[in-house]
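> The sequence isn't on hand, but the structure is:
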């Protein structure tokens with residue numbers, strides 16, 4: 001099984017790249033894939049590990065670090081850390097709240113960047129007849145096929161990886177896209193300095209093992225596919241998302257006009273939800289209730305956080 005050569009098309013007007021990520025198989029050997037370079041990030045993402053820790057079967061590190069490095073070096077994605085970075089930030093916030101930090105530390109609420117999307121890196125089987133795929137507890141994403149495969153003390157005569165990068169909208173939880181990347185051992189030059197095309201010195205066995213280099217190449221292709229998709233999306237995910245609900249924090253009325261003297265459409269109690277339409281007049285906000293009834297409420301009586 002061989003792969004098509006990736007065709008990269010430069011978009012001068014945007015200063016970005018568009019990628020033909022559909023045809024990854026063909027009649028000639030691929031050159032090792034190279035990371036794209038974006039003039040500006042196309043989105044802000046968090047990266048989550050898949051449910052099954054498949055990388056442990058190959059004595060590799062989590063692919064999360066690999067995808068983070070691709071995002072950083074390509075300048076195509078902003079990454080927010082929801083793992084250890086968030087834990088450390090919570091610790092700093094606790095110190096600030098307790099008064100332990102120096103004056104002017106400026107650590108507090110409302111400073112954490114929002115993630116628009118989450119990316120889940122995963123790996124799937126690419127050969128249903130993978131005869132050696134179960135050796136050493138390996139899953140079918142890296143296969144030896146009829147050539148036989150083993151990890152640990154033995155080497156595969158043929159390796160291939162089929163990787164996925166699933167993109168989810170964090171506001172709606174909708175699965176937007178699944179990017180695919182495929183690579184095999186014959187795509188990669190292991191001689192001399194080893195695999196250089198898109199190779200990332202992130203440790204975890206990806207840069208210094210054959211199977212790690214094959215997986216890196218496959219994830220690079222998936223990343224190219226993903227970036228190509230995201231370049232066609234709106235650049236402002238927050239603006240295009242469904243309107244955020246606000247919580248009523250104090251008993252109030254839905255007014256017909258933005259005035260205390262106006263008649264009431266209905267009453268609200270704390271905990272009720274309203275949906276701002278964008279209309280504002282002084283302290284008055286135009287909203288709709290959950291039945292779609294429009295009216296005006298004081299902005300002092302509603303909050304996006306329910307406080």
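Received the coordinates, thanks. The model shown is predicted, which means the values in this text are computed figures rather than measured ones.
> Show me the shaky parts of the stretch 1-150 of the chain.
Confidence mapping of the stretch 1-150 of the chain against pLDDT under 70 gives the ranges 1-32, 125-150.
> give me that answer again for 50
Along the stretch 1-150 of the chain, segments meeting pLDDT under 50 span 1-29, 126-150.
> can you pull out the helices in it?
63-74, 84-97 (DSSP state H, counting those that start in this stretch).
> Just say which of those is most tucked in.
Mean neighbour count, computed with mean count of other CB atoms under 10 Å, is highest for helix 63-74 among the helices of the stretch 1-150 of the chain, reaching a mean of 20. Every residue, glycine included, has its C-beta placed from N, CA and C.
> just checking, what packs against that helix?
Here helix 63-74 touches strand 44-47, strand 78-79, strand 117-124, helix 210-230, going by 3 or more CB pairs under 8 Å, 6 or more residues apart in numbering; DSSP states H and E.
> So which of the ones you listed is the most surrounded?
If you average neighbours per stretch using mean count of other CB under 10 Å, then among the helices and strands packed on helix 63-74 it is helix 210-230 that wins, with a mean of 26.
> roughly how far out does that helix sit from the chain middle?
The chain centre lies 14 Å from the centre of helix 210-230; the measure is CA atoms, centre = their mean, to the nearest Å.
> and what of stretch 52-71?
The chain centroid and the centroid of stretch 52-71 are separated by 14 Å under CA atoms, centre = their mean.
> do the same with stretch 209-221
Its chain's C-alpha centre lies 19 Å from the corresponding centre of stretch 209-221 when counted by CA atoms, centre = their mean.
> Then stretch 83-100?
With CA atoms, centre = their mean, you get 24 Å for stretch 83-100.
> Let me see the contact set for the spatially most central residue of the chain.
Centroid-nearest residue in the chain, with CA atoms, centre = their mean: residue 119, separated by 2.7 Å. The neighbourhood of residue 119, defined by CB atoms under 8 Å, 6 or more residues apart in numbering, consists of 45-48, 67, 165-168, 226.
> what about the residue sitting furthest away from the middle of the chain, which SS state?
Within the chain, the residue lying farthest from the chain centre (CA atoms, centre = their mean) is residue 261, at 48.9 Å. Here residue 261 takes the coil state, with states given by DSSP: H, G, I helix; E, B strand; the rest coil.
> which ones are touching it?
Residues in contact with residue 261 (CB under 8 Å, 6+ apart): none are found.
> One more: residue 229?
Contacts for residue 229 (CB under 8 Å, 6+ apart) come out as 167, 176-177, 179.
> now, which of those residues lie within strands?
Secondary structure from DSSP state E places 167, 176-177, 179 of the contacts of residue 229 in strands.
> nearest to residue 255, of those?
Relative to residue 255, the closest of the ones in strands among the contacts of residue 229 is residue 176; by CB to CB it sits at 38.8 Å.
> doesn't residue 120 make contact with the closest one?
No - under the contact definition of CB atoms under 8 Å, residue 176 does not touch residue 120, with a separation of 11.8 Å.
> so is residue 183 in a helix, a strand, or just coil?
Counting by three-state DSSP, the backbone at residue 183 sits in strand.
> pretty sure it is touching residue 160, no?
Yes - contact status for residue 183 versus residue 160: in contact at 6.8 Å, counting by CB under 8 Å.
> Those two: which has the busier surroundings?
Comparing residue 183 with residue 160 by other CB atoms under 10 Å, the one with more neighbours is residue 183, at 29 against 25.
> Next, the contact list for the more buried one, please.
Going by CB under 8 Å, 6+ apart, residue 183 touches 3, 30, 33, 160-161, 214-215, 217-218, 221.
> okay, and the common contacts of residue 183 and residue 160?
Taking CB under 8 Å, 6+ apart as the contact criterion, the common neighbours of residue 183 and residue 160 are residue 214.
> Now residue 113. Nearest residue, chain neighbours left out?
For residue 113, the nearest residue in space outside its immediate sequence neighbours is residue 80; the separation is 5.2 Å by CB to CB, 6 or more residues apart in numbering.
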